[in-house]
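Q: the sequence isn't on hand, but the structure is:
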(Lines give C-alpha, C1' and ligand atoms only; values in the text may rest on other atoms or scores of the structure.)
Protein backbone atom coordinates (compact mmCIF):
# COMPACT_ATOMS: atom_id res chain seq x y z
CA UNK A 1 0.00 0.00 0.00
CA UNK A 2 1.41 3.36 -1.03
CA UNK A 3 1.70 5.78 1.87
CA UNK A 4 1.59 9.57 2.04
CA UNK A 5 5.37 9.60 2.47
CA UNK A 6 5.76 7.87 -0.90
CA UNK A 7 3.81 10.65 -2.62
CA UNK A 8 5.94 13.32 -0.95
CA UNK A 9 9.18 11.53 -1.83
CA UNK A 10 8.14 11.24 -5.47
CA UNK A 11 7.21 14.91 -5.79
CA UNK A 12 9.79 16.59 -3.57
CA UNK A 13 12.53 13.99 -3.25
CA UNK A 14 11.94 13.65 0.49
CA UNK A 15 9.06 13.03 2.87
CA UNK A 16 10.53 15.56 5.29
CA UNK A 17 8.18 18.53 5.16
CA UNK A 18 10.88 21.21 5.34
CA UNK A 19 13.44 19.48 3.13
CA UNK A 20 15.04 21.44 0.27
CA UNK A 21 14.10 20.26 -3.23
CA UNK A 22 16.78 19.55 -5.82
CA UNK A 23 16.63 20.98 -9.35
CA UNK A 24 15.76 17.69 -11.11
CA UNK A 25 12.53 17.41 -9.10
CA UNK A 26 11.67 21.09 -9.55
CA UNK A 27 12.27 21.06 -13.30
CA UNK A 28 9.65 18.42 -14.01
CA UNK A 29 6.79 20.08 -12.14
CA UNK A 30 5.64 22.59 -14.75
CA UNK A 31 7.07 21.17 -17.99
CA UNK A 32 4.53 19.19 -19.98
CA UNK A 33 5.81 15.65 -20.51
CA UNK A 34 3.78 12.67 -21.69
CA UNK A 35 6.39 10.39 -20.16
CA UNK A 36 6.08 12.03 -16.74
CA UNK A 37 2.28 12.02 -16.95
CA UNK A 38 2.32 8.32 -17.77
CA UNK A 39 4.66 7.56 -14.88
CA UNK A 40 2.29 9.27 -12.46
CA UNK A 41 -0.64 7.32 -13.87
CA UNK A 42 1.23 4.03 -13.68
CA UNK A 43 2.53 4.56 -10.15
CA UNK A 44 -0.28 6.55 -8.54
CA UNK A 45 -3.40 6.26 -10.72
CA UNK A 46 -5.33 3.97 -8.35
CA UNK A 47 -4.29 6.12 -5.38
CA UNK A 48 -5.62 9.25 -7.07
CA UNK A 49 -8.93 7.49 -7.65
CA UNK A 50 -9.00 6.41 -4.01
CA UNK A 51 -8.39 10.00 -2.91
CA UNK A 52 -11.17 11.31 -5.17
CA UNK A 53 -13.52 8.66 -3.80
CA UNK A 54 -12.85 9.76 -0.22
CA UNK A 55 -11.05 6.56 0.71
CA UNK A 56 -7.95 8.21 2.22
CA UNK A 57 -9.61 10.07 5.07
CA UNK A 58 -6.96 8.94 7.57
CA UNK A 59 -4.37 10.97 5.65
CA UNK A 60 -6.09 14.15 6.82
CA UNK A 61 -4.82 13.67 10.37
CA UNK A 62 -1.23 14.85 9.74
CA UNK A 63 0.32 17.80 7.88
CA UNK A 64 2.22 15.42 5.61
CA UNK A 65 -0.90 13.44 4.88
CA UNK A 66 -2.81 16.60 3.99
CA UNK A 67 -0.04 17.76 1.66
CA UNK A 68 0.11 14.34 -0.03
CA UNK A 69 -3.66 14.40 -0.56
CA UNK A 70 -3.40 17.88 -2.05
CA UNK A 71 -0.77 16.64 -4.48
CA UNK A 72 -2.97 13.71 -5.49
CA UNK A 73 -6.08 15.86 -5.98
CA UNK A 74 -4.61 19.09 -7.32
CA UNK A 75 -1.44 18.09 -9.19
CA UNK A 76 -1.56 14.40 -10.09
CA UNK A 77 -5.07 14.77 -11.49
CA UNK A 78 -3.78 17.46 -13.84
CA UNK A 79 -1.05 15.11 -15.06
CA UNK A 80 -3.12 11.96 -15.41
CA UNK A 81 -6.27 13.57 -16.84
CA UNK A 82 -4.64 16.46 -18.70
CA UNK A 83 -7.02 18.44 -20.95
CA UNK A 84 -10.11 16.66 -19.64
CA UNK A 85 -12.85 17.49 -17.16
CA UNK A 86 -11.47 14.91 -14.73
CA UNK A 87 -8.29 16.99 -14.36
CA UNK A 88 -10.26 19.29 -12.04
CA UNK A 89 -12.26 16.66 -10.18
CA UNK A 90 -10.12 16.92 -7.05
CA UNK A 91 -10.10 20.71 -6.80
CA UNK A 92 -12.81 21.10 -4.12
CA UNK A 93 -11.19 18.53 -1.82
CA UNK A 94 -7.70 19.95 -2.37
CA UNK A 95 -8.94 23.46 -1.67
CA UNK A 96 -10.67 22.42 1.57
CA UNK A 97 -7.51 20.64 2.74
CA UNK A 98 -5.35 23.65 1.89
CA UNK A 99 -7.59 26.06 3.78
CA UNK A 100 -7.66 23.74 6.80
CA UNK A 101 -3.88 23.44 6.85
CA UNK A 102 -3.39 27.18 6.44
CA UNK A 103 -5.96 28.11 9.06
CA UNK A 104 -4.34 25.73 11.56
CA UNK A 105 -0.84 27.02 10.81
CA UNK A 106 0.41 23.66 9.59
CA UNK A 107 1.93 25.26 6.52
CA UNK A 108 4.49 26.90 8.81
CA UNK A 109 6.00 23.46 9.42
CA UNK A 110 6.92 23.15 5.76
CA UNK A 111 9.66 24.34 3.45
CA UNK A 112 9.24 26.84 0.63
CA UNK A 113 8.20 24.47 -2.13
CA UNK A 114 6.02 22.34 0.11
CA UNK A 115 4.19 25.49 1.22
CA UNK A 116 3.82 26.62 -2.38
CA UNK A 117 2.14 23.40 -3.47
CA UNK A 118 -0.06 23.43 -0.38
CA UNK A 119 -1.36 26.84 -1.52
CA UNK A 120 -1.87 26.05 -5.20
CA UNK A 121 -5.45 24.77 -4.81
CA UNK A 122 -6.34 28.35 -3.82
CA UNK A 123 -4.62 29.68 -6.93
CA UNK A 124 -6.64 27.24 -9.02
CA UNK A 125 -10.00 28.39 -7.64
CA UNK A 126 -12.41 30.20 -9.96
CA UNK A 127 -13.78 32.71 -7.47
CA UNK A 128 -12.71 36.17 -6.34
CA UNK A 129 -12.86 35.20 -2.68
CA UNK A 130 -10.54 32.22 -3.12
CA UNK A 131 -8.20 34.30 -5.26
CA UNK A 132 -7.99 36.85 -2.45
CA UNK A 133 -6.97 34.05 -0.08
CA UNK A 134 -4.45 32.82 -2.62
CA UNK A 135 -2.77 36.21 -3.05
CA UNK A 136 -2.68 36.77 0.70
CA UNK A 137 -1.16 33.34 1.25
CA UNK A 138 1.53 33.71 -1.39
CA UNK A 139 2.27 37.24 -0.22
CA UNK A 140 2.91 35.90 3.26
CA UNK A 141 5.14 33.21 1.77
CA UNK A 142 7.04 35.86 -0.17
CA UNK A 143 7.52 38.02 2.92
CA UNK A 144 8.78 35.06 4.91
CA UNK A 145 11.68 34.75 2.49
CA UNK A 146 12.60 38.41 2.10
CA UNK A 147 15.52 38.14 4.52
CA UNK A 148 17.80 36.84 1.79
CA UNK A 149 18.52 33.55 3.52
CA UNK A 150 17.67 31.69 0.32
CA UNK A 151 14.51 31.14 -1.65
CA UNK A 152 13.57 34.81 -2.04
CA UNK A 153 13.50 34.69 -5.85
CA UNK A 154 11.45 31.51 -5.92
CA UNK A 155 8.99 32.84 -3.34
CA UNK A 156 8.62 36.06 -5.33
CA UNK A 157 7.95 34.03 -8.47
CA UNK A 158 5.19 32.06 -6.75
CA UNK A 159 3.64 35.34 -5.61
CA UNK A 160 3.73 36.79 -9.11
CA UNK A 161 1.98 33.69 -10.47
CA UNK A 162 -0.69 34.09 -7.81
CA UNK A 163 -1.24 37.68 -8.97
CA UNK A 164 -1.43 36.54 -12.59
CA UNK A 165 -4.04 33.91 -11.74
CA UNK A 166 -6.06 36.47 -9.78
CA UNK A 167 -5.98 38.87 -12.71
CA UNK A 168 -7.49 36.26 -15.04
CA UNK A 169 -10.34 35.58 -12.62
CA UNK A 170 -10.91 39.32 -12.19
CA UNK A 171 -11.15 39.72 -15.96
CA UNK A 172 -13.18 36.64 -16.91
CA UNK A 173 -14.58 35.15 -13.71
CA UNK A 174 -13.13 31.80 -14.73
CA UNK A 175 -10.11 30.27 -16.46
CA UNK A 176 -10.78 30.32 -20.21
CA UNK A 177 -8.18 27.64 -20.89
CA UNK A 178 -10.43 25.18 -19.03
CA UNK A 179 -13.47 25.91 -21.17
CA UNK A 180 -12.93 23.19 -23.77
CA UNK A 181 -12.30 20.49 -21.17
CA UNK A 182 -15.33 21.54 -19.11
CA UNK A 183 -17.67 21.91 -22.07
CA UNK A 184 -17.95 25.67 -21.67
CA UNK A 185 -18.37 28.04 -24.59
CA UNK A 186 -15.71 30.73 -24.70
CA UNK A 187 -16.76 34.34 -25.11
CA UNK A 188 -15.20 36.40 -27.87
CA UNK A 189 -12.96 38.07 -25.31
CA UNK A 190 -11.87 34.72 -23.89
CA UNK A 191 -11.18 33.31 -27.33
CA UNK A 192 -9.02 36.29 -28.19
CA UNK A 193 -7.11 35.85 -24.95
CA UNK A 194 -6.57 32.16 -25.70
CA UNK A 195 -5.39 32.89 -29.23
CA UNK A 196 -2.86 35.32 -27.82
CA UNK A 197 -1.36 32.55 -25.72
CA UNK A 198 -3.43 32.86 -22.56
CA UNK A 199 -3.27 30.03 -20.08
CA UNK A 200 -0.99 28.55 -17.48
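A: It's in. Just so we're clear, the structure is a prediction, and the values are computed from it rather than from any experiment.
Q: pLDDT wise, what is the spatially most central residue of the chain at?
A: Residue closest to the mean C-alpha point of the chain, counted by CA atoms, centre = their mean, is residue 120 at 3.6 Å. Per-residue confidence (pLDDT) for residue 120: 98.
Q: list the buried residues for stretch 89-103?
A: Residues of stretch 89-103 classed as buried by neighbour count (16 or more other CB atoms under 10 Å): 89-91, 93-99, 101-102. Just so you know, the C-beta spots here come from the backbone N, C-alpha and C atoms, and that holds for glycine as well.
Q: what sits against residue 89?
A: Listed by CB atoms under 8 Å, 6 or more residues apart in numbering, the contact partners of residue 89 are 52, 73, 77, 81.
Q: the first one against residue 93, yeah?
A: Yes - with contact defined as CB atoms under 8 Å, residue 52 reaches residue 93; the gap is 7.4 Å.
Q: what residues are shared contacts of the two?
A: Common neighbours of residue 52 and residue 93 (CB under 8 Å, 6+ apart) are residue 73.
Q: leaving aside the residues next to it on the chain, what's closest to residue 133?
A: residue 122 (5.1 Å; CB to CB, 6 or more residues apart in numbering).
Q: and that neighbour, what does it touch?
A: Per CB under 8 Å, 6+ apart, neighbours of residue 122: 95, 98-99, 130-131, 133-134, 137.
Q: JSON lines for those residues, including secondary structure?
A: What follows is the contacts of residue 122, written out as JSON lines (DSSP: H, G, I helix; E, B strand; the rest coil):
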{"residue": "95", "secondary structure": "helix"}
{"residue": "98", "secondary structure": "helix"}
{"residue": "99", "secondary structure": "helix"}
{"residue": "130", "secondary structure": "helix"}
{"residue": "131", "secondary structure": "helix"}
{"residue": "133", "secondary structure": "helix"}
{"residue": "134", "secondary structure": "helix"}
{"residue": "137", "secondary structure": "helix"}
